[in-house]
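Undergrad: need coordinates for the below:
(one chain, ligands or ions: 2)
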Amino acid sequence: MRALVFDGKLEYCADYPTPVPNAGEALIRVCYAGICATDLEITKGYMGFKGIPGHEFIGIVEKCADESLIGKRVVGEINLWCGTCEFCIGGNKTHCPNRTVLGIYKKDGVFADYVTLPVRNLHLLPDSISYLEAVFIEPLAAAFEILEQVELKDKKVCVIGDGRLGLLCAQVLALTGCRLTTIGRHPEKLSILKNRGLRTRDNADGLGREFDVAVDCTGSNDGLNEALRIVKPRGNIVLKTTVADRGAFDLNQIVIDEITITGSRCGPFGPAIKALAEKRVDVMPLVDKIFPVEEGLAAFEHAAKKGVLKTMLRF
Ligand SMILES: [Zn+2]
Ligand SMILES: [Zn+2]
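TA: Ligands and ions are numbered 1, 2, ... in the order given. Below you'll find the predicted structure:
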């Protein structure tokens, strides 16, 4: 099968072996896949991953013990949990210490014609969600995770960063009716939010320490410092950024001002699918460019350029 493979260097391979599903798994033919910041970090050494990266996708089930799934359009949760440890039994499957993670940790991902995933990780898609929209379900679920973690009702909230994840988080947080501002540096990206009636700013100048919650979606080391400048004492900073190289931080302000820092990663697929199906969020303005998988290296180069939104691979 065709695949992008990372082994210290990302390469296109035309004849990579097709994966064989284990018991309880489905073989899925990938239709479209999205390149996200995590994939770019992986090619810089994040998680020490080797193999096929990629975790945002829509595919069609080709082989599966449950024949009712064959031919169905699916998306998949990316954490492969064991189901028997204390974390799994306690309902914290995404923190299972025995887990592998699709295209991120010890499990080949979706930048290939085929991928295997446990059937329990799969979600069927309603017809009202298009192929391209479906690619955003995984990152959209990550945005919904914030709603599981922090009470936002009536709060003054700031999303910092107008990149791919920032634009998704802003739309999702806005659904709560919180008083939301998004700070970004790209007028054309902020206009996606403005067009939906959301408040935006092109910098933090003139802002005091006035937000109950600040959400760092910058994808850079500066995001936390920026959040610390605008969050109220006893406020909450939600970190969505993972970078291969985390710098050092002065933690004193966090102690003095009793700031809560909330790490936030993968989230629930159900609400993400529902919000897309009900058209309560709009991801299509985020589609930047679609490359055939053979041009995957060019796609990665494109995705790494400043200001680019969602780059996709087509199979
Ligand atoms: Zn991702
Ligand atoms: Zn487990």
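Undergrad: switch to C-alpha atoms for all contacts and neighbour counts from now on
TA: Will do.
Undergrad: pick out the residue nearest the middle of the protein.
TA: The residue lying closest to the centre of the chain (CA atoms, centre = their mean) is Pro139, at 2.8 Å.
Undergrad: what's near enough to touch it?
TA: Glu56, Leu165, Leu168, Cys266 (CA atoms under 8 Å, 6 or more residues apart in numbering).
Undergrad: which element is the third one on?
TA: Using DSSP states H and E, the element containing Leu168 is helix 164-174.
Undergrad: can you list the strands that the next helix or strand after that helix pairs with?
TA: Going down the chain from helix 164-174, the next helix or strand is strand 179-183, by DSSP H and E. Sheet pairing of strand 179-183 (DSSP bridges) gives strand 156-160 (parallel), strand 199-201 (parallel).
Undergrad: re earlier: could you dump the contacts of Pro139 into a markdown table with pLDDT, neighbour count and distance to Glu258 added?
TA: Shown next, in a markdown table, are the contacts of Pro139 (pLDDT from 0 to 100; neighbours: other CA atoms under 10 Å; distance: CA to CA, whole Å):
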| residue | pLDDT | neighbour count | distance to Glu258 |
| --- | --- | --- | --- |
| Glu56 | 98 | 27 | 36 |
| Leu165 | 92 | 26 | 27 |
| Leu168 | 97 | 24 | 28 |
| Cys266 | 92 | 20 | 26 |
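Undergrad: can you redo those as JSON lines with distance to Ala112?
TA: JSON lines is the format used below for the contacts of Pro139 (distance: CA to CA, whole Å):
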{"residue": "Glu56", "distance to Ala112": "12"}
{"residue": "Leu165", "distance to Ala112": "23"}
{"residue": "Leu168", "distance to Ala112": "25"}
{"residue": "Cys266", "distance to Ala112": "22"}
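Undergrad: which among those residues gets closest to ligand 2?
TA: Set against ligand 2, the nearest of the contacts of Pro139 by CA to the ion is Cys266 (15.8 Å).
Undergrad: can you tell me the helix or strand for that closest one?
TA: Going by DSSP H and E, Cys266 is not in any helix or strand.
Undergrad: what sits against it?
TA: Cys266 neighbours (CA under 8 Å, 6+ apart): Thr94, Glu138, Pro139, Ala141, Ala142, Glu145.
Undergrad: which ones among those map onto helices?
TA: Glu138, Pro139, Ala141, Ala142, Glu145 (DSSP state H).
Undergrad: residue farthest from the centroid of the protein?
TA: The chain, farthest from centre, CA atoms, centre = their mean: Ile256 at 32.1 Å.
Undergrad: for that residue, report the pLDDT, please.
TA: Predicted confidence (pLDDT) at Ile256: the value is 95.
Undergrad: show me the contacts for it.
TA: No contacts exist for Ile256 under CA under 8 Å, 6+ apart.
Undergrad: tell me how far it lies from Leu207.
TA: 20 Å (CA to CA, to the nearest Å).
Undergrad: likewise Ile183?
TA: When distance is defined by CA to CA, Ile183 is 11 Å away from Leu207.
Undergrad: neighbour count winner among these two?
TA: Ile183 (20 against 11; other CA atoms under 10 Å).
Undergrad: residues contacting the more buried one?
TA: Ile183 touches Cys158, Val159, Ile160, Gly161, Asp162, Thr200, Arg201, Asp202, Asn203, Ala204, counting by CA under 8 Å, 6+ apart.
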